[in-house]
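Q: mind looking at a prediction? Sequence and model below.
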Protein chains: 2
Amino acid sequence: MKTVRCSIIGFGAIGQGVAEVLLMKREYLESIGLDVRVVAVVDSKGATVNPDGVDLADCLARKREKGTVALEKLTGLEVIKSVEHELVIETTPTNIKTGGAGLQNMLAAFEMGRDVVTSNKGPLAMKYRELVETAKAAGCRFRFEATVGGSMPVINLVNEVLAGNNVRSIKGILNGTCNYILSRMIEEKASYSDILAESMELGIAETDPSYDVEGIDTACKLVILANAIFGLDATYRDVGVTGITKITPEALDMAYKNGHVIKLIGEVSRDRIHVAPRLVPINHPLAVGGTLNVASVDTELAGEITVTGKGAGSIETASAILSDLVAIYRDC
Amino acid sequence: MKTVRCSIIGFGAIGQGVAEVLLMKREYLESIGLDVRVVAVVDSKGATVNPDGVDLADCLARKREKGTVALEKLTGLEVIKSVEHELVIETTPTNIKTGGAGLQNMLAAFEMGRDVVTSNKGPLAMKYRELVETAKAAGCRFRFEATVGGSMPVINLVNEVLAGNNVRSIKGILNGTCNYILSRMIEEKASYSDILAESMELGIAETDPSYDVEGIDTACKLVILANAIFGLDATYRDVGVTGITKITPEALDMAYKNGHVIKLIGEVSRDRIHVAPRLVPINHPLAVGGTLNVASVDTELAGEITVTGKGAGSIETASAILSDLVAIYRDC
């Protein structure tokens, strides 16, 4: 049995999802020879630390009751620097202007020789090359399947399962909120603002929805794909971005009568990174509804391979983090 | 650079696709440290053998001109037993009654300590457990992504990318010929027999189409999924099978008017392996047209993950064989 000591830095929906998944999967992890022990959990108010392993059920209960997991005044950065562990699970909120605390946390983790698995897009959309090179120089593993498409596998699908197959382009729907709004506008023949209001009530759109509806979230995910799959050195600034705020029910209706839906499509290739509303034939694999995400990978040998799945959700995203954790520690 | 000596046993469409892909990917394989050298190519008339590596372009040209690659009278089994190599690429025609030559070839390969990568469903649908246990006892690697869904990744997707995620069921369209026939029957409001005739002319259906249209091919693929993913010990005889030969254009039309298509759906779970025509909502991820294959994996943590791709084609299937080859030799 190999012991993997890890920290969970950021204890919002996704960090809590990770804790729940680790509780659910203890037996499975032991069956593949891994004793995964969380030695620290950190949120914005402080940390819980126990070198022998914190009680995750306690952490979840305390977070629910008191709004914080904190038992001592320690930041993520301090935990990363002072607590002995192998893996930092970085799930702090994304910040695409500066990379935020996540960027500092990841760089510090590599400096301390710790591996990183993350769902945090900001640092990768801003400083991909620096992060990957710092990890490599330190001999650390760095995986981030959860940053793109939640539980829908894209990065590991292409880099592992489709190994050897040149990828010409990837295009898809990478934001569930936009997909929900456009799908509902067709179903209800309702305006953008009406359905946006509905989405906020349902918790599908954020109180400030601009990050989603203006295409920024999709753009960040494309940058990560551009760097991780096409080997580019792109940042958010290299993406042409148009959102969905100006789409009318009339435009959707006219498209539908001609056998098409309008979707916010992100596309990335070696030459171009681009987000914009586009017409998609109704029976095309990209024409999925609801909050689903979808990515169509155009490969040299295998043609188009399309994958569809839930792009968000705490347990779903945590499952991508689990896969990355398993991939790092299973065979070595 | 690690040298991987391999044989190609079976030089029909898929075997030739493997030769073409290995020629195309020589540089890529070298870039990941692999010198893949084909030391023997075998078809039903005989073999070409060269311990230093045969000329694959020559083999392809000879096959095209003379109908055979044979330069000497050796069977696949004799090559496997007498020529030194690490990997047997088994691409002989499938036989679901006895497992055919493929079964003997694979067992002999393991006895000789050779790894096997295959696209040949028959042996796996008949003798999965025996093959896997023989491989394991001999310390050999055994991979078969190409047996299910051609280039559409399913087995490696679930067992590697979704590691740790319990799979509750897999359902999908696993036969492109049936999908083509049903899609065309709707488009043309034409009868099963008319579209079957068209499919034969186009080479999409075989001269004897029963293996496809009666659901046997789908059933074999389900058996492989049942064994490889759910850990069962199933054979073709455990599958409930209904084909598409009795579907009428009227039934398809009525379904369509109610927002559905009829598809030949294979479904596998721990409790049930089953193939039958089923209604699928038009906007459902399983409702893909043409000759596409699709598989929807219902997972415990990530919900449904659906993958769509080309289920057949020599280069497409060879690309799945390439991925398996890379997975075996890249990191060890």
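A: Received it, and whenever you're ready, just let me know what you need.

Q: residue A:233: how many residues sit nearby?
A: 11 (other C-beta atoms under 10 Å in any protein chain shown). Just so you know, the C-beta spots here come from the backbone N, C-alpha and C atoms, and that holds for glycine as well.

Q: equivalent analysis for the one 3 residues further on, please.
A: Neighbourhood size, residue A:236 [other C-beta under 10 Å]: 18.

Q: please verify my assumption that it contacts residue A:96.
A: Yes: contact criterion C-beta atoms under 8 Å: residue A:236 and residue A:96 qualify, at 5.7 Å.

Q: who in the stretch 151-300 of chain A is up against chain B?
A: Within the stretch 151-300 of chain A, the positions lying close to chain B (C-beta under 8 Å from any C-beta of the partner chain) are A:151-153, A:156-157, A:160-165, A:282-283, A:285, A:287-289, A:292, A:294, A:299.

Q: show me where the stretch 151-300 of chain A has strands.
A: Counting by DSSP state E, counting those that start in this stretch, the stretch 151-300 of chain A has strands at residues A:167-173, A:240-241, A:260-269, A:273-281, A:292-299.

Q: the first one packs against which elements?
A: Under the contact criterion of 3 or more C-beta pairs under 8 Å, 6 or more residues apart in numbering or on different chains; DSSP states H and E, strand A:167-173 touches helix A:216-230, strand A:260-269, strand A:292-299.

Q: quick one, what contacts the closest residue to chain B within the stretch 101-250 of chain A?
A: Of all residues in the stretch 101-250 of chain A, residue A:151 sits closest to chain B, at 3.4 Å by C-beta to the nearest C-beta. Shown in contact with residue A:151 (C-beta atoms under 8 Å, 6 or more residues apart in numbering or on different chains): A:309-311, A:313, A:316-317, A:319-320, B:299, B:301-303, B:305.

Q: least confident pick among the residues you listed?
A: The member of the contacts of residue A:151 with the lowest pLDDT is residue A:311, at 82.

Q: that residue: what's it in contact with?
A: Listed by C-beta under 8 Å, 6+ apart, the contact set of residue A:311 reads A:149-152, A:173-176, A:291-293.

Q: quick check: closest non-adjacent residue to it.
A: residue A:293 (3.2 Å; C-beta to C-beta, 6 or more residues apart in numbering or on different chains).

Q: packing partners for the helix or strand of chain A with the lowest mean pLDDT?
A: None of the helices or strands of chain A scores lower by mean pLDDT, DSSP states H and E than helix A:155-156, at a mean of 90. For helix A:155-156, the helices and strands in contact under the criterion 3+ C-beta pairs under 8 Å, 6+ apart are helix A:216-230, helix A:314-329.

Q: residue nearest the centroid of chain A?
A: residue A:147 (2.2 Å; C-alpha atoms, centre = their mean).

Q: where does chain A have low pLDDT?
A: Low-confidence segments of chain A (pLDDT under 70): A:332.

Q: ranges for the helices of it?
A: Using DSSP state H, the helices of chain A run over A:13-24, A:26-31, A:56-66, A:76-82, A:100-111, A:121-137, A:155-156, A:176-188, A:192-201, A:210-213, A:216-230, A:249-257, A:314-329.
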